[in-house]
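[1] The amino acid sequence is not available; the structure is as follows:
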Ligand SMILES: O=C(O)CCC(=O)C(=O)O
Ligand SMILES: [Fe+2]
C-alpha cells in the first residue's frame, strides 16, 4: 500500500481542539477505542511502590559516584527501558520559552496551523496521521517533523514557523541533540559496546513530535496516543506543562509515570533494543488524557544516520549469546514503521530471529 492511501489529511479528520470548541458531552465514535477496555488492568496496590528510576546526568559525568550512577542507568534500561533524567543540563530559559511558544502555536487559529498540515503522501506536518483504515483516532493534535540533519528538513515546515517559535526550537534542537549523543555514549559504556559500533549515532537523525492533548469529556474511552514502542535509538520526552498522562507497561500492568519537575523522561527505542541484542528494553507506552486539563509534550526521537545498518552489536554477540534480531537498513526500518498502525511492539517482533519469520 502506498503512503497516500494511509494518510488522511487534517481536513478530513477534525482537529480535536476545534472539535471541543462545540459543546461536547460524548466522544465521537471514531475516537472510541474498544481496546482501552481490554488492556491489562492497572493494580494500584502493586504499583504504588513502582516508581521510575531517576538518574542524574551530572552525577554520571562529574560526580564522585559516577560508577554507581552508571550501574543505576544500566539497570534502569534493562528492567524498565525508561528513566527520569534530572540535572540534564538543558537550559531552563530555553525550556520555559519553548513551553510558551509550543502553547502559543497550538492556540493559533486553525487556518494558521493549516499552513503546516500533513500533505498527502507525507507523515510530517500538523494533523492526524492514520496508519490503516481500522485504526481509531488518537485524542491529540500533533506537529511532527524531521529536524536533523538539516538537509532533511522540509522547507514548508520548520523554516516557515513563526520566527520566535523557530528561534527557540533551533536552540532546543541543538541542546537536545547534544544531550542525546551524551546519553548514547553513556549507554554504550554501560552496555560495554565497542565505541565504533555506536558511531552510527554521531550526528544522527532527530525527529520532533509535539502533541497537544485536549481535555476529553470521557477520557476513559479514548487514548491520547495508542500503545506503541518507539522506532528510535532513544527518545527524550519533555512533558512540558507538568500534566500526567504517560503510562508504561511493566509486568503486564500499565504504570503511570508521574511528572517530576525539571526532569526529562528518557526511553530506549526499538533500535537500541536490537543493537543491544535485547539487553535494553524498548518498552510499550501510551498517553492517556483527562477531563480537566490539556497536556502538552514534545518527544525527540534520536536515531542513527539514515544510511546506516542496524543489527545486534558484534561486540555483544558470540556463540553463547547469538544475535536475536536481523540486521536491516535504518531507512527501511523507519519507513516500514511509519506505514503500520501503532500496535504495541509488533514491528520489533518482526525483526526477531525465529523459525517462523526466517523468511521475512
Ligand atoms: O506524550 C507522551 O507522553 C508520549 C509521547 C510518545 O510516546 C511519542 O510521541 O512517541
Ligand atoms: Fe512514544
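    Arrived safely. Computed from a predicted model, the values in this text were never measured in an experiment. Ligands and ions are numbered 1, 2, ... in the order given.

[2] Next up, the contacts around the residue in the stretch 51-200 of the chain positioned nearest to ligand 1.
    Nearest to ligand 1 in the stretch 51-200 of the chain, going by Cβ to the nearest ligand atom, is residue 140, at a distance of 7.6 Å. C-beta: built from backbone N, CA, C; applies to glycine. Residue 140 sits next to 16, 211, 212, 213, 214, 224, 225, 287, 289 when contact means Cβ atoms under 8 Å, 6 or more residues apart in numbering.

[3] again, only using 6 Å
    Contacts for residue 140 (Cβ atoms under 6 Å, 6 or more residues apart in numbering) come out as 211, 213, 224, 225.

[4] cool, and residue 217?
    Neighbouring residues of residue 217 by Cβ under 6 Å, 6+ apart: 24, 25.

[5] which stretches of the stretch 51-200 of the chain form helices?
    Applying DSSP state H, counting those that start in this stretch to the stretch 51-200 of the chain gives helices spanning 57-61, 66-79, 92-107, 110-113, 163-191.

[6] what distance separates stretch 311-318 from the middle of the whole chain?
    25 Å (Cα atoms, centre = their mean, to the nearest Å).

[7] cool, and stretch 308-315?
    For stretch 308-315 - counting by Cα atoms, centre = their mean - the centre lies 22 Å from the chain centre.

[8] Ok, stretch 289-298 next?
    The mean C-alpha position of stretch 289-298 is separated from the chain mean by 16 Å, Cα atoms, centre = their mean.

[9] Which residues does it contact?
    Outside stretch 289-298, the residues touching it (Cβ under 6 Å, 6+ apart) are 102, 139, 210-216, 219, 224, 238-241, 243, 245.

[10] in that stretch, what counts as buried?
    Neighbour counts over stretch 289-298 (16 or more other Cβ atoms under 10 Å) mark 289, 290, 294, 295, 296, 297, 298 as buried.

[11] Now, these that are in strands?
    Members of the buried residues of stretch 289-298 lying in strands (criterion: DSSP state E): 295, 296, 297, 298.

[12] filter those by proximity to ligand 1?
    residue 297 (Cβ under 6 Å from any ligand atom).

[13] how much space is there between the residue of the chain positioned farthest from its centre and ligand 1?
    Of all residues in the chain, residue 319 has its C-alpha farthest from the mean position, at 33.6 Å, by Cα atoms, centre = their mean. As judged by Cβ to the nearest ligand atom, to the nearest Å, residue 319 and ligand 1 stand 36 Å apart.

[14] how much space between the residue in the stretch 101-250 of the chain that ligand 1 sits nearest to and residue 225?
    Closest contact between the stretch 101-250 of the chain and ligand 1, by Cβ to the nearest ligand atom, is at residue 246 (3.9 Å). Note on residue 246: its distance to residue 225, by Cβ to Cβ, to the nearest Å, is 9 Å.

[15] before we move on, back to that, export the ones in strands among the buried residues of stretch 289-298 to CSV and tack on pLDDT?
    Listed next are these as CSV, based on pLDDT from 0 to 100:
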residue, pLDDT
295, 97
296, 98
297, 98
298, 98
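
[16] ok, of the ones in strands among the buried residues of stretch 289-298, which one's closest to ligand 1?
    The closest of these, once distances to ligand 1 are taken by Cβ to the nearest ligand atom, is residue 297, at 3.4 Å.

[17] is that closest one in a bridge, and if so with what?
    Under DSSP bridges, the beta-bridge partners of residue 297 are residue 211.

[18] ok, which stretches of the protein are strands?
    In the chain, strands defined by DSSP E lie at 54-56, 82-86, 125-126, 141-148, 205-213, 225-228, 234-238, 246-250, 253-256, 264-268, 285-287, 295-303, 309-310, 328-329, listed in chain order.

[19] which residues touch the closest residue to residue 272 other than its chain neighbours?
    Leaving aside its chain neighbours, residue 272 sits nearest to residue 233 (4.8 Å; criterion: Cβ to Cβ, 6 or more residues apart in numbering). Neighbour list for residue 233: 201, 269, 271, 272, 302, 303 [criterion: Cβ under 6 Å, 6+ apart].

[20] And the pLDDT at the last one?
    At residue 303, the model reports a pLDDT of 96.

[21] tell me, how many neighbours does residue 81 end up with?
    Residues near residue 81, counting by other Cβ atoms under 10 Å, number 24.

[22] Go ahead and confirm it touches residue 279.
    No: Residue 81 lies out of contact with residue 279 (Cβ atoms under 6 Å); the separation is 10.7 Å.

[23] Quick one: residues in contact with stretch 236-256.
    Stretch 236-256 is contacted by residues 40, 42-43, 47, 50, 82, 99, 176, 224, 257-259, 264-266, 283-288, 293, 295-300 when judged by Cβ under 6 Å, 6+ apart.

[24] which stretches of the stretch 51-200 of the chain have low pLDDT?
    The stretch 51-200 of the chain contains residues with pLDDT under 70 at 129-135.

[25] who in it is up against ligand 1?
    Applying Cβ under 6 Å from any ligand atom, we find that the stretch 51-200 of the chain lies next to ligand 1 at no residue.

[26] can we see that at 8 Å?
    Applying Cβ under 8 Å from any ligand atom, we find that the stretch 51-200 of the chain lies next to ligand 1 at residue 140.

[27] Around ligand 1, pick out the residues from the stretch 251-360 of the chain.
    Residues of the stretch 251-360 of the chain lying close to ligand 1 (Cβ under 8 Å from any ligand atom) are 265, 267, 285, 286, 287, 295, 297, 299, 301.

[28] Could you identify the pair within these that is furthest apart?
    Maximum pairwise distance in these, criterion Cβ to Cβ, is 18.9 Å, between 295 and 301.
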